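Student: Provided below are the primary sequence and the corresponding predicted coordinates.
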Amino acid sequence: MLLITTLRRLSMANVKPSIVFVLGGPGSGKGTQCAKIIKEFGYVHLSAGDLLRTERDIPGSRYGDLIEKHIRNGTIVPVEITCNLLHAAMNNSRKDRFLIDGFPRNQDNLEGWNREMAAKVNLQFVLFFDCNEQVCIDRCLKRGSSGSGRSDDNEESLKKRFITYFKDTLPIVDHYQKQNLVRKIDANSSEDTVFEEVKKCFKEVMYSTLHMLWKQSVVTGWKTTSWQQIHKNSSSTFLKKTW
Ligand SMILES: Nc1ncnc2c1ncn2[C@@H]1O[C@H](COP(=O)(O)OP(=O)(O)OP(=O)(O)O)[C@@H](O)[C@H]1O
Ligand SMILES: Nc1ccn([C@@H]2O[C@H](COP(=O)(O)O)[C@@H](O)[C@H]2O)c(=O)n1
């Protein structure tokens, strides 16, 4: 435990915040799975949609009407607004690992992020929830009829949201796929089954980062424990506490 904690502290000295982008269709389960990931692996969850809804609801917000119009139409709010909200939320949290849920959703989001934020963070990977359109629609309608209060959990908005998803968001997933950064998860099954896949993915990434740090510590002559020992003694609870 001491070794990993120390490795992590050493690595933090000059390191940028780590982020994971979480993408997938409306209702694919991004928020649901993020809630599970933060419990198990200790990231901070920042949902672009939630941040926009919060901003919209601030009395007198200069962006309120614009945001609501985009939400109802399933279109994407200009990146300057969303990126500023994300940046502020990251700074306010004072943490160094973030799940950025529902972003970047189109080319404007991607370019704005690359201009303002990309150099300040370490993008670990893109978690992509692949889910059948009808499954997603049924989930969102159910969420709406159970009282979500969302102005876009209705058939008309959902049609528009899916047009945006296919036309604007999937090309962003392709963009990251070309850089080998996408981890695709089949999101059609139960919450728990999906989470088993998600867990495997995070463990692989965490272990490979730990391994890299451990190798660096070997290179600098700082080696007290074998990699096998670290690997054998680790569990996800352990990783959450120490990572
Ligand atoms: N694997 C699942 N099986 C069945 N229902 C699910 C599953 N995952 C999530 N749900 C339910 O589907 C609805 C949508 O889930 P969630 O809000 O997590 O999706 P999302 O991708 O974040 O949606 P959005 O993009 O619209 O914010 C919720 O009511 C949630 O409880
Ligand atoms: N990057 C983003 C994310 C969201 N929006 C708007 O919010 C709506 C709801 O988003 P969810 O992630 O909660 O489904 C979405 O349809 C967009 O109108 C955005 O503009 N930019």
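Tutor: Yes, it's here. Numbering: from 1, shown residues only. Ligands and ions are numbered 1, 2, ... in the order given.

Student: show residues contacting stretch 151-169.
Tutor: Contact partners of stretch 151-169, identified using Cβ atoms under 8 Å, 6 or more residues apart in numbering, comprise 23, 25-26, 68, 71-76, 105-107, 133, 136-137, 140-141, 143-144. For glycine as for every other residue, the C-beta is placed from the backbone atoms N, C-alpha and C.

Student: buried stuff in it?
Tutor: Of all the residues in stretch 151-169, those buried under the rule 16 or more other Cβ atoms under 10 Å are Asp152, Asp153, Ser157, Leu158, Arg161, Phe162, Thr164, Tyr165, Asp168, Thr169.

Student: secondary structure element for the fourth one?
Tutor: This points to Leu158. Secondary-structure assignment from DSSP states H and E places Leu158 in helix 155-164.

Student: what's the next secondary structure element after that helix?
Tutor: Counting by DSSP H and E, what follows helix 155-164 is helix 170-178.

Student: taking helix 170-178 as reference, get the angle to the longest strand that the chain contains.
Tutor: As far as residue count goes, and with DSSP state E defining each element, the longest strand of the chain is strand 122-130. Angle of strand 122-130 versus helix 170-178, following axes from the mean of the first three to the mean of the last three Cα atoms, to 10 degrees, is 130 degrees.

Student: what packs against strand 122-130?
Tutor: Using 3 or more Cβ pairs under 8 Å, 6 or more residues apart in numbering; DSSP states H and E as the contact criterion, the elements in contact with strand 122-130 are strand 18-24, helix 30-41, helix 170-178, strand 182-186, helix 191-219.

Student: is the shortest one anywhere near ligand 1?
Tutor: No. Legend: contact between strand 182-186 and ligand 1 by Cβ under 6 Å from any ligand atom is lacking; minimum distance shown is 10.1 Å.

Student: helix or strand with the lowest mean pLDDT in this protein?
Tutor: Averaged element by element with mean pLDDT, DSSP states H and E, the chain has its least confident helix or strand at helix 236-242 (a mean of 52).

Student: was I right about Ile100 contacting Ile19?
Tutor: Yes. Under the criterion of Cβ atoms under 8 Å, Ile100 is in contact with Ile19, at a separation of 5.5 Å.

Student: excluding chain neighbours, what is closest to the residue of the chain at minimum distance from ligand 2?
Tutor: The chain approaches ligand 2 most closely through Gly49 (2.2 Å), counting by Cβ to the nearest ligand atom. Ranked by Cβ to Cβ, 6 or more residues apart in numbering and with sequence neighbours excluded, the top spatial neighbour of Gly49 is Gly102, at 4.9 Å.

Student: give me the phi and psi angles of that neighbour.
Tutor: As for Gly102, its main-chain torsions (degrees, to the nearest 10) stand at phi 80, psi 30.

Student: so who does it touch?
Tutor: Applying Cβ under 8 Å, 6+ apart, the residues contacting Gly102 are Val22, Leu23, Lys30, Ser47, Ala48, Gly49.

Student: the first one: neighbour count?
Tutor: To tie it back to what came earlier, the one meant is Val22. Number of residues near Val22 (other Cβ atoms under 10 Å) recorded here: 27.

Student: what of the fifth one?
Tutor: Using other Cβ under 10 Å, Ala48 is surrounded by 24 other residues.

Student: how about the third one?
Tutor: Other residues near Lys30 number 24, with proximity taken as other Cβ under 10 Å.

Student: what's the closest of the contacts of Gly102 to ligand 1?
Tutor: Of all the contacts of Gly102, ligand 1 sits closest to Lys30, with 3.5 Å by Cβ to the nearest ligand atom.

Student: surely that closest one meets Val22?
Tutor: Yes. Lys30 is in contact with Val22 according to Cβ under 8 Å; the separation is 5.0 Å.
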